[in-house]
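**Student:** Got a predicted structure plus its sequence, pasted below:
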Amino acid sequence: MTHRTFVRLVWAAALLLALALVLTLYQARHARQQIETVAHARGEAAARTAALKLDQELADLETVAHRLRQDLEQGGLTRVALPGRVLADLGAAPGACVELGVAFQTAPGGAGVSREGGPPHAVPVQALGPEAAGPGWGDRRVQADGMLVVDYVEPFRLPGPQGDAGQVRLVIGLEALRGLVATAEAGAPAYGFLLSATGVYLADPRTGLVHAGRTLQQEAESLGDPGRRHLAVLARQGRAGFAEGRSALDGRKLWIQLEPLPRAHWSLGTVFLKDEAVVSPRTTRALMSCLVSLGVGLALALLFLAGNARRTSLKRLWVFSVAGSMVLALGCALLWSFAYTLPQEVKGSDVPILDPGSLRAFLNEHADLDAGVSEVRAELIPTGVFVETLDFLGGGQVRVTGKVWQRFRADSPREARGGVAFPEGVSGEVDPPAVREEGHEVVQFSSFRVVLKQNLVSSPNYPFDHARVRLWVRPRLMWRNEVLVPDLGAYLMLLPDTLPGVDREMAVQGWKLERSFFSYLLQRYNANFGMADYVGQQKQPELLFTLTLKREFLNPFIATFLPILAVLGLLFAAVMTITRHPDKVKATSYQCLNLLRAVAGLLFPVVLAQINLRSKLDADRVIFLEHYYFVVYGLILLVSADALAFALTEHRLLNYEDHALPKLAFWPLVLGCFYLVTLRFLG
């Protein structure tokens with residue numbers, strides 16, 4: 001093949017690579033636009049469904065006041081019977097109602113009942129002034145006891161020409177309102193917030209916004225976010241809208257969908273994490289790898305063409321060698337960056353529970369436990385977990401400390417409140433529970449310190465690997481017909497990336513926390529544990545609290561990769577000493593035998609480093625970084641063979657410019673092998 005023909009082939013390859021790169025970029029952009037369009041449409045539909053559901057919840061609350069008003073106006077309810085009626089209505093009202101009262105404008109005789117601080121009890125009601133108005137939902141206000149509430153008011157007038165006027169007032173706690181918003185969430189990965197007619201936060205996982213009485217407009221100004229500023233205007237107008245923004249916590253891109261609640265003139269905002277909605281880790285990583293490979297190939301072709309000349313000088317070859325090595329090194333760095341920053345697809349046999357909707361769907365399908373040939377409906381016990389510390393002990397063991405709580409009905413017998421057990425715990429303890437009454441429920445708290453045996457299989461992608469730690473929680477009284485359900489209402493935000501149920505100050509040496517979430521594992525036992533009536537032998541839902549962690553990259557890089565680079569540097573120095581030039585031989589004292597001894601001496605540290613790496617990780621397979629060691633082994637043999645061939649033969653390629661070609665090819669060959677290994681495992 002002539003030089004001109006080879007150059008033409010390189011030009012053709014460069015054009016094909018450039019065309020492929022442009023087409024791949026276009027296809028990637030088009031595919032992402034399509035995914036974003038579909039994801040946005042789904043998010044909008046889910047947000048609208050959530051708004052309709054919350055609007056219906058408000059309608060159910062209004063019905064309590066509406067029926068009371070109707071009976072007063074029609075004369076079917078006297079002032080004497082009013083206290084008993086209000087007490088009965090509040091007892092039957094949804095749990096979000098904290099107070100129900102009737103007040104008259106000009107005369108005493110009203111009645112008020114409150115749930116705050118215990119079962120429904122009478123509270124004093126003052127006469128209304130002439131400014132009393134309604135009907136409708138008001139704005140947030142602070143009660144004398146500091147509780148944040150919002151009122152629903154319906155005015156009435158007693159029958160007869162002299163009938164007194166008044167109001168039926170229904171009081172909703174903002175904490176309960178936040179629970180309603182959480183129940184109406186549009187699904188993972190999303191969370192909701194609620195705005196009043198004036199744009200004031202009524203509910204939000206960031207409770208500081210609610211307690212401070214901030215508006216969406218104020219938050220938009222403080223963040224400099226034009227998307228939130230636009231939505232603030234729409235909220236005051238009672239209109240739906242969409243905007244992009246960034247998280248105030250970590251700066252990630254958000255989609256915010258605003259839907260009006262016509263009944264209350266409020267607005268429900270639903271926040272979606274954009275990357276969670278449109279990014280598929282496996283597809284994205286494959287696409288990025290393809291783009292990087294095309295870019296590397298095109299850059300190498302252009303470097304060759306830029307330095308092409310009929311009389312190629314040694315200086316031009318060194319420029320091409322250095323520049324080509326830098327291109328390959330940059331390609332490896334980009335692949336490492338994508339492997340480290342892109343989220344990992346979580347795989348497992350368990351079913352994630354990321355929002356109330358997914359919990360309801362799972363329980364509807366699996367809460368009927370098998371008992372022989374019959375099915376028994378399980379008793380659901382809300383259970384929460386809060387992890388305070390986590391440490392990897394080696395040998396697949398993990399030490400976890402934290403708190404666990406359960407909510408039981410107040411009328412449940414004490415002997416039925418058996419607490420929890422951790423089936424995978426090999427040691428540790430759960431403290432005796434502390435009990436607290438919360439209205440119609442009893443909350444049972446315990447601290448735990450356990451060492452868990454986990455199936456921490458070594459990852460082939462070390463140090464770009466992830467770990468999954470699961471806290472398996474089971475009722476201690478196995479003979480009872482119970483299923484533990486996650487107490488989702490106890491967490492401010494259920495997005496896995498916000499680490500619900502994990503201490504924000506918790507640090508795990510060598511690891512970075514990524515996600516935490518509840519999930520269910522359908523366990524099948526082949527024993528009845530000595531209980532003839534034991535349920536759950538066929539499909540027992542077992543509650544898991546799962547944490548995913550990403551390994552910190554810097555320490556493994558320094559401890560493992562930098563020694564490899566040092567050995568490669570010494571090998572390159574050895575290759576650079578190979579010469580027949582008398583002056584250079586005199587300066588370096590080069591001898592083939594001495595070089596072979598030096599190269600052989602580099603073999604043992606590399607072998608020991610690889611053995612230490614495998615023993616530290618308890619590796620049961622060949623891992624990603626070991627292939628770099630294999631490249632070093634091959635290079636040691638290649639350098640030795642090159643030195644012998646140079647000493648024993650007079651081949652013109654080896655003797656070109658005093659052994660220049662092997663010196664020029666050293667780093668492109670090494671980095672090319674590194675790139676192929678990286679592409680194979682991380683692409």
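**Tutor:** Yep, that arrived. Numbers count the residues shown, from 1 in each chain.

**Student:** Just confirm Leu654 is within a strand.
**Tutor:** No: assignment of Leu654 by DSSP: H, G, I helix; E, B strand; the rest coil gives helix, placing it outside any strand.

**Student:** What's the separation between the closest residue to it other than its chain neighbours and Leu471?
**Tutor:** Take Leu654 and drop its neighbours on the chain: the residue closest to it by Cβ to Cβ, 6 or more residues apart in numbering is Phe646, 5.1 Å away. For the C-beta atoms, the positions are set from N, CA and C on the backbone; glycine is no exception. To Leu471, Phe646 is 62 Å away according to Cβ to Cβ, to the nearest Å.

**Student:** Pick out whichever of these two has more residues nearby.
**Tutor:** Leu471 (26 against 21; other Cβ atoms under 10 Å).

**Student:** what kind of secondary structure is that one in?
**Tutor:** strand.

**Student:** follow-up on the earlier one: in terms of helices and strands, where is the residue nearest to Leu654?
**Tutor:** helix 626-648 (DSSP states H and E).

**Student:** before we move on, back to that, wait, doesn't the residue nearest to Leu654 sit right on Leu653?
**Tutor:** No: Phe646 lies out of contact with Leu653 (Cβ atoms under 8 Å); the separation is 10.3 Å.

**Student:** OK, contacts around Ser519?
**Tutor:** Taking Cβ atoms under 8 Å, 6 or more residues apart in numbering as the criterion, Ser519 is in contact with 348, 350-353, 470, 544, 546.

**Student:** Let me see the confidence value for it.
**Tutor:** The model reports Ser519 with a pLDDT of 91.

**Student:** Can you tell me the closest non-neighbouring residue to it?
**Tutor:** By the measure of Cβ to Cβ, 6+ apart, the closest residue to Ser519 outside its immediate chain neighbours is Asp350, 4.0 Å from it.

**Student:** and what of Leu359?
**Tutor:** Spatial nearest neighbour of Leu359, chain neighbours left out: Ile353 (5.0 Å); criterion: Cβ to Cβ, 6+ apart.

**Student:** Mark out where each domain of this protein begins and ends.
**Tutor:** Domain ranges of the chain: 3-21+279-341, 22-214+264-275, 351-551, 555-682, per automatic domain parsing.

**Student:** Relative to Val322, how far out is Leu671?
**Tutor:** 11 Å.

**Student:** Name the residue in those two with the higher neighbour count.
**Tutor:** Taking other Cβ under 10 Å, Leu671 and Val322 do not tie; Leu671 has more neighbours (22 against 13).

**Student:** Now do the buried residues in stretch 648-662.
**Tutor:** For stretch 648-662, burial by neighbour count (16 or more other Cβ atoms under 10 Å) applies to 654, 659-662.

**Student:** before we move on, what about stretch 569-585?
**Tutor:** By neighbour count on 16+ other Cβ under 10 Å, the buried set for stretch 569-585 is 571, 574-575, 577-579.

**Student:** residues making contact with that stretch?
**Tutor:** 588, 590, 595, 598-599, 602, 632, 635-636, 639, 642-643, 646, 655, 658-659, 662-663, 666-667.

**Student:** what do you get if the cut-off is 10 Å, keeping everything else the same?
**Tutor:** 587-592, 594-596, 598-599, 601-602, 605, 632, 635-636, 638-640, 642-643, 646-647, 654-655, 658-659, 662-663, 665-667, 670 (Cβ atoms under 10 Å, 6 or more residues apart in numbering).

**Student:** chain center to it, what's the gap?
**Tutor:** Chain-centre distance of stretch 569-585: 53 Å, with Cα atoms, centre = their mean, to the nearest Å.

**Student:** now swap in stretch 25-41 and tell me
**Tutor:** Averaging C-alpha positions (Cα atoms, centre = their mean) puts stretch 25-41 22 Å from its chain's average.

**Student:** Mean pLDDT per helix and strand in this structure: which one sits at the bottom?
**Tutor:** Lowest on mean pLDDT, DSSP states H and E among the helices and strands of the chain sits helix 274-278, with a mean of 67.

**Student:** Which neighbouring elements make contact with the helix or strand that comes right after that helix?
**Tutor:** Going down the chain from helix 274-278, the next helix or strand is helix 281-306, by DSSP H and E. Here helix 281-306 touches helix 3-73, helix 274-278, helix 314-341, helix 660-682, going by 3 or more Cβ pairs under 10 Å, 6 or more residues apart in numbering; DSSP states H and E.

**Student:** Dump the ones you listed into CSV; add distance to Asp618 as well.
**Tutor:** Formatted as CSV, those follow (distance: least, Cβ to Cβ, whole Å):
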stretch, distance to Asp618
helix 3-73, 39
helix 274-278, 33
helix 314-341, 22
helix 660-682, 19
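
**Student:** Quickly, which of the ones you listed bottoms out on average pLDDT?
**Tutor:** With a mean of 67, helix 274-278 has the lowest mean pLDDT of these.

**Student:** Longest strand in the protein, please.
**Tutor:** When the chain is parsed with DSSP state E, its longest strand is strand 379-394.

**Student:** quick one: what helix or strand has Gly208 in it?
**Tutor:** Using DSSP H and E, Gly208 maps to helix 207-211.

**Student:** If you count contacts, what does that helix end up packed against?
**Tutor:** Applying 3+ Cβ pairs under 10 Å, 6+ apart, we find helix 207-211 packed against strand 136-142, strand 148-157, helix 174-183, strand 190-195, strand 201-203, helix 216-223.

**Student:** for the nearest residue to Gly419 once chain neighbours are set aside, what are its contacts?
**Tutor:** What sits nearest to Gly419 in space, not counting adjacent residues and going by Cβ to Cβ, 6+ apart, is Arg476, at 4.9 Å. Taking Cβ under 10 Å, 6+ apart, we find Arg476 in contact with 417-422, 430, 482.
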